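Colleague: Predicted model follows, preceded by the sequence.
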Amino acid sequence: MKSLLIILSVLTFEVNGVTFQLNEVEGGTFIMGATEEQGSEEEISIDKPVHSVAVQSFYLGQTEVTNRLWNAVMVAPATPIKAIGDRQQATDNEMQGEIWAAADCPVVLHSWFECQEFIRRLDSITGIDFRLPHEAEWEYAARGGKKGKTTRYAGSDNADEVSWLYRNSGNRSHAVAQKKPNELGLYDMTGNVWEWCLNDFYPYQSSPEVISVLKEAADTAKVLKVMRGGSWDNAISNSHLSVRRTEYPQYAFHDCGLRLALSKKIEPTVLPQTKKVRIKGYTMNFNLVMPQDSINPYYLAEEDVSAALWKAVMRKKMYKVSKEEVQSFLYQISDKTGYQFSLVPSNEQVTDFYFDEEIDKKNVKVSKRKSIKKANVLLELFTGRENTIDEPTDYTLLRYKQETPRTIRLIIIP
């Protein structure tokens, strides 16, 4: 009934005698939207403004879902239904022909909701959690991911090499994988049929974005969904990679299908519970931390960065340390040790001041003259509010107004 074979970053599945493949797409950051080579001339367009997007690694179908695969999953043949809405509708004559119903043509005339039902049935057969791609994943993959070459269409600047559009389609869809694939081995990312995406439509912002498909799309007919890729019915002027189309999810169209996606599971790695690192003659001990709200473990230092270690690395005392100096410190110790050092995830620990043996006496009101002790003693005194110590002690009696002094605690990212 089902099988899984992994060959060179390709997942191969079989369902009721029908095989299909998903290619690995290595994650990365890219500029999404109407970049210069896309040739989008309209000043106001839903593929603007361009913005930076970070995408995690995932798998994407080599081809659009075919009639053959749809029928194998749904058991009963795909039922031709009229498209709903104000788009051009498929006629009975068109659907009675054998062209669009050909086994290896992309399945069409199914709403976003029907595609979700198809995926649910596929999941129950395979035990795998398939999904539609987020449109940022789709565009990243269409551009070739890290292997992309900045082309107007998926894999080429020559549309005829890689796509079926109105100019060359003969007014119909074609069997998948007949044109040249893009850099990731994905076929028909431009043309043939539009492809439903997982996410709701949202206007682009100029700020950077990190895509998380863990956020489920709204399961309602009132929210617009996104289609990407263009189709056999598109003019070449409206088929570049950044083009977006929006439709309501209850509608079905004669030129829209789907492509499967799959989140990449992180393989379990056995990490040691502790690490011991020598830096400039000083030894720091780190313990493994596995956050409950994150899949990314890290090693946390047992102690804060000492003034002695800071001085050994930075060649200056640890006094009134700025955030820029902290970043320089992290860079230097990472470069010297080969480990990737950072600050604890809530980097609230770093402020513009760190107290060491020297004290800015202009900010300190001394009540009684005593010797100033080392920073670790002073840190116990300073609470960030006005403090007054009245009884005699072995250390400075002072009143101090300033932020709560905070320390620098390192982590190692595996």
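Modeller: Arrived safely, thanks for sending. Residues are numbered from 1 along each chain as shown.
Colleague: Residue 130: what's it in contact with?
Modeller: The contact partners of residue 130, by C-beta atoms under 8 Å, 6 or more residues apart in numbering, come to 119, 122, 123, 260, 261, 262. The way it works is simple: take the backbone N, C-alpha and C, and place the C-beta from them, glycine included.
Colleague: repeat for residue 181
Modeller: 62, 155, 162, 187.
Colleague: Got phi/psi on it?
Modeller: Backbone torsions of residue 181, given as degrees, to the nearest 10, read phi -80, psi 170.
Colleague: mind checking pLDDT for it?
Modeller: On the pLDDT scale, residue 181 is placed at 95.
Colleague: and if you look at residue 216?
Modeller: At residue 216, the model reports a pLDDT of 48.
Colleague: can you check residue 282 too?
Modeller: On pLDDT, residue 282 comes in at 87.
Colleague: so what's it bridging to?
Modeller: Counting by DSSP bridges, residue 282 forms beta bridges with residue 279.
Colleague: Over to the one 5 residues further on?
Modeller: Listed by DSSP bridges, the beta-bridge partners for residue 287 are residue 274, residue 300.
Colleague: what's around residue 344, how many residues?
Modeller: With neighbours defined by other C-beta atoms under 10 Å, the count for residue 344 comes to 16.
Colleague: Now do it against residue 204, distance only.
Modeller: With distances taken as C-beta to C-beta, to the nearest Å, residue 344 is found 33 Å from residue 204.
Colleague: what's the answer for residue 228, then?
Modeller: As judged by C-beta to C-beta, residue 228 and residue 204 stand 14 Å apart.
Colleague: same thing with residue 106?
Modeller: Taking C-beta to C-beta as the measure, residue 106 falls 27 Å from residue 204.
Colleague: ok, the two, which is more surrounded?
Modeller: A direct count of neighbours by other C-beta under 10 Å for residue 106 and residue 204 places residue 106 higher, at 30 against 19.
Colleague: pretty sure that one contacts residue 64?
Modeller: Yes. In this structure, residue 106 is within contact of residue 64 by C-beta atoms under 8 Å, at 3.8 Å.
Colleague: Looking at the contacts of residue 130, which are in helices?
Modeller: Counted as lying in helices by DSSP state H, out of those, are 119, 122, 123.
Colleague: so the spatially closest residue to the first one that is not a sequence neighbour bridges to which residues?
Modeller: Excluding its sequence neighbours, the residue lying closest to residue 119 (C-beta to C-beta, 6 or more residues apart in numbering) is residue 130, at 5.1 Å. Each beta-bridge partner of residue 130 is listed here, defined by DSSP bridges: residue 262.
Colleague: Quick check: which ranges of this protein have low pLDDT?
Modeller: The chain contains residues with pLDDT under 70 at 1-8, 40-44, 46, 76-100, 206-221, 265-271, 290-297, 345-406, 414.
Colleague: can you give me the helices in it?
Modeller: Counting by DSSP H, the helices of the chain are 67-74, 92-96, 112-126, 135-142, 159-162, 307-314, 323-337, 375-381.
Colleague: Run the angle between the third one and helix 67-74 for me.
Modeller: Regarding helix 112-126 and helix 67-74, their directions subtend 70 degrees when assessed with axes from the mean of the first three to the mean of the last three C-alpha atoms, to 10 degrees.
Colleague: residues of helix 112-126 that come out buried?
Modeller: If you call a residue buried by 16 or more other C-beta atoms under 10 Å, then helix 112-126 has these buried ones: 112, 113, 114, 115, 116, 118, 119, 122, 126.
Colleague: which of these lies closest to residue 299?
Modeller: Nearest to residue 299 among the buried residues of helix 112-126 is residue 126, at 37.2 Å by C-beta to C-beta.
Colleague: That closest one touches residue 15, doesn't it?
Modeller: Yes. Look at residue 126 against residue 15 with C-beta under 8 Å: they come within range, at 6.6 Å.
Colleague: Mean neighbour count, the helices of the chain: which tops it?
Modeller: Ranked by mean neighbour count, the helices of the chain are led by helix 135-142 with a mean of 26 (mean count of other C-beta atoms under 10 Å).
Colleague: Does anything pack onto that helix? Which helices or strands?
Modeller: When contacts are defined as 3 or more C-beta pairs under 8 Å, 6 or more residues apart in numbering; DSSP states H and E, helix 135-142 sits against strand 18-25, strand 28-32, strand 51-55, strand 58-61, strand 194-200, strand 225-228.
Colleague: contact partners of that helix?
Modeller: For helix 135-142, the surrounding residues in contact (C-beta under 8 Å, 6+ apart) are 25, 28, 30, 32, 53, 55, 58, 60, 133, 154, 182, 184, 186, 189-190, 195, 197-199, 209, 211, 213, 226, 228-229, 241-242, 244, 259, 261.
Colleague: Separate out the buried members of the residues you listed.
Modeller: Buried residues within the contacts of helix 135-142, defined by neighbour count using 16+ other C-beta under 10 Å: 25, 30, 32, 53, 55, 58, 60, 133, 154, 182, 184, 186, 189-190, 195, 197-199, 209, 211, 213, 226, 228-229, 241-242, 244, 259, 261.
Colleague: Next one: the residue nearest to residue 312 when sequence neighbours are not counted from residue 330, what distance?
Modeller: Spatial nearest neighbour of residue 312, chain neighbours left out: residue 280 (4.0 Å); criterion: C-beta to C-beta, 6+ apart. As judged by C-beta to C-beta, residue 280 and residue 330 stand 14 Å apart.
Colleague: can you list the domains in this structure?
Modeller: Domains of the chain are assigned by automatic domain parsing as 4-263, 274-413.
Colleague: OK, contacts around residue 257?
Modeller: For residue 257, the contact set (C-beta under 8 Å, 6+ apart) comprises 64, 65, 106, 107, 108, 110, 193, 194, 195, 196.
Colleague: related to what we said a few turns ago, the helices and strands packed on helix 135-142: which one's closest to residue 70?
Modeller: strand 18-25 (9.4 Å).
Colleague: Which neighbours in the sheet does the closest one have, and how are they oriented?
Modeller: Sheet pairing for strand 18-25, using DSSP bridges, gives strand 10-15 (antiparallel), strand 58-61 (antiparallel).
Colleague: check contacts around residue 184.
Modeller: Going by C-beta under 8 Å, 6+ apart, residue 184 touches 23, 25, 60, 141, 144, 145, 147.
Colleague: Looks like the fifth one contacts residue 185 (just checking).
Modeller: In this case it means residue 144. No. Residue 144 lies out of contact with residue 185 (C-beta under 8 Å); the separation is 10.0 Å.
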